[in-house]
Structures are given as structure tokens and as C-alpha cells.
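Peer 1: Dropping the sequence and predicted coords here.
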Amino acid sequence: MKNSLIILSGGMDSTVLLYDRLPSIALAITFKYGQKHLKEIAKAKSICDHLGVPHKIVELSLNNILKSHLLEGGGDIPEGHYEDLSMKKTVVPFRNGIMLSIAVGIAESEGLNQVLTAVHTGDHAIYPDCRPKFISNISNAAFRGTYNEVIISAPYIECSKRDIALIGKDLKVPFEATWSCYNGREKHCGKCGTCVERKEALLGFDPTIYEGD
């Protein structure tokens, strides 16, 4: 039964989840929230077109009200590992909480009762709103705050990005069709935190073309 909405960024984690839970997914939504890396939006749409999944782009202007190097008008994207303290500069305050709340509202409007999100253990270090306790609490709030009793499901919350990559490999997910880099350039930079994490996760079967390759 197609009872689920998925938040699809166009990155590898949410794309794997889309393939993994495809039979249950009625709608995919992608947020255009003022991020520098707009290529992920086009990737998300292309993936949904390929799979025949209905897709909506939700427009926000978080760059006008929140501060982050990830947003248009923010500072340079730092290089290094995703868990380094410098990566906190890329945190958009409460981004996941904001997006999940909107997704729950859209799910109820569409008559759906589940929101899927691909948060994982690699997110826990710098994103408080991706941690298990937060996801549990916001899911409880969503359930109690909607007529449809919408729940938020995070199937990969105890998985590493490598675990997700291996699931995607088994599902034959076209990782070359996804986008991770926080820099909005033609190729993945290979040096920002999310590129470094992507390289580690896809080691041995990475089709990504990085700058300098």
C-alpha cells in the first residue's frame, strides 16, 4: 500500500531509501531552501522521473532568516571530515526539524500516514535534530498532532553511511545519478565533509567523478 511520503534530497542516502521502500512511496518531496548545492534538486527530480514516483519541490527561503555556510550568502564550505568541528559551520539550524514538520503536514494533506527520512549514524555528531531521541519525539508529536496519525520513520537511523551504500549496491541504485557535494560546482569537489563521507561509504564501487580525477 502506498502510504508513505519520502524526503528526497537527491543524495545517496535518501535515494537508497527511495529504492528500498519504493512499493510504499506515494510521493517524494525535495526542499529548495536556499542551499548552495542546487544540483541535488535536479538529481532528485531525475531519479523520481526515472522511477515514476510523483515528486514535488517545496520552496523555502531559509537563507533569508537562518545563518549557515551551507546557504546562499554564507561563508565558504569548509574542507575535511564530516565529524570535524569545522563542519558545524554547514549546519542549518533545526533544518531537519523544519523539514520534517512540513513533510508531516503535506503527508496529512495527501492522505498519507508515514514520512520517511534517511538520517543515519553519521548525522548524529553534528545534527542534534537527526539523533534517535529527537526523531522519536518528533514522530510522537506528529502522531498526536495529525488526524491521520502520521508517523516519522527513519529506517537507517542506526546504520552507517557505508551500511546504506551496501544496501544501495544490492538494490543496484545508480549512485552516479545522486549528488552529495555542498559546493554547487560542476563536479563533486572531493574535499568537503559530505564528499569525504561519500568517498568512504562508496569505497570500492564509487562511480563519482571528483574534481581532479
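Peer 2: Thanks, I have it.

Peer 1: by contact count, what packs against the longest strand anywhere in the chain?
Peer 2: Selection of the longest strand in the chain by residue count, based on DSSP state E, yields strand 25-32. In terms of contacts (3 or more C-beta pairs under 8 Å, 6 or more residues apart in numbering; DSSP states H and E), strand 25-32 is packed against strand 4-7, helix 39-51, strand 55-59, helix 95-109. No exception for glycine: its C-beta is placed from N, CA and C like everyone else's.

Peer 1: Swap in 10 Å and give it another go.
Peer 2: When contacts are defined as 3 or more C-beta pairs under 10 Å, 6 or more residues apart in numbering; DSSP states H and E, strand 25-32 sits against strand 4-7, helix 12-20, helix 39-51, strand 55-59, helix 95-109, strand 114-116.

Peer 1: Using CSV, lay out these together with distance to Gly193, mean neighbour count and mean pLDDT.
Peer 2: Converted to CSV, the helices and strands packed on strand 25-32 look like this (distance: least, C-beta to C-beta, whole Å; neighbours: other C-beta atoms under 10 Å; pLDDT from 0 to 100):
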stretch, distance to Gly193, mean neighbour count, mean pLDDT
strand 4-7, 20, 26, 98
helix 12-20, 14, 25, 98
helix 39-51, 15, 18, 97
strand 55-59, 25, 14, 98
helix 95-109, 15, 20, 98
strand 114-116, 24, 25, 98
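
Peer 1: Where does the prediction get shaky in the chain?
Peer 2: Residues of the chain that meet the criterion pLDDT under 70 lie in 80-86.

Peer 1: do that again at 80, thanks
Peer 2: For the chain, the stretches with pLDDT under 80 are 80-87.

Peer 1: Identify the residues contacting the closest residue to Tyr19 other than its chain neighbours.
Peer 2: Spatially, and ignoring its direct neighbours in sequence, Tyr19 is nearest to Leu171 (4.6 Å; C-beta to C-beta, 6 or more residues apart in numbering). For Leu171, the contacting residues are Thr15, Val16, Leu18, Tyr19, Asp20, Leu22, by C-beta atoms under 10 Å, 6 or more residues apart in numbering.

Peer 1: quick one: which of the residues you listed is nearest Glu79?
Peer 2: Of all these, Glu79 sits closest to Thr15, with 24.3 Å by C-beta to C-beta.

Peer 1: List the contacts of that closest one.
Peer 2: Counting by C-beta under 10 Å, 6+ apart, Thr15 touches 6, 8-9, 28, 43-44, 47-48, 51, 118, 164, 168, 171, 173-175, 177-179.

Peer 1: Over to Lys169?
Peer 2: Residues near Lys169 by C-beta under 10 Å, 6+ apart: Val16, Phe175, Leu202, Gly204, Phe205.

Peer 1: and the spatially closest residue to the last one that is not a sequence neighbour, helix, strand or coil?
Peer 2: Just to be clear, that refers to Phe205. Leaving out its chain neighbours, the residue that sits closest to Phe205 by C-beta to C-beta, 6+ apart is Lys169, at 5.9 Å. Here Lys169 is recorded as helix under DSSP: H, G, I helix; E, B strand; the rest coil.

Peer 1: Looks like Lys45 contacts His55 (just checking).
Peer 2: Yes - contact criterion C-beta atoms under 10 Å: Lys45 and His55 qualify, at 5.7 Å.
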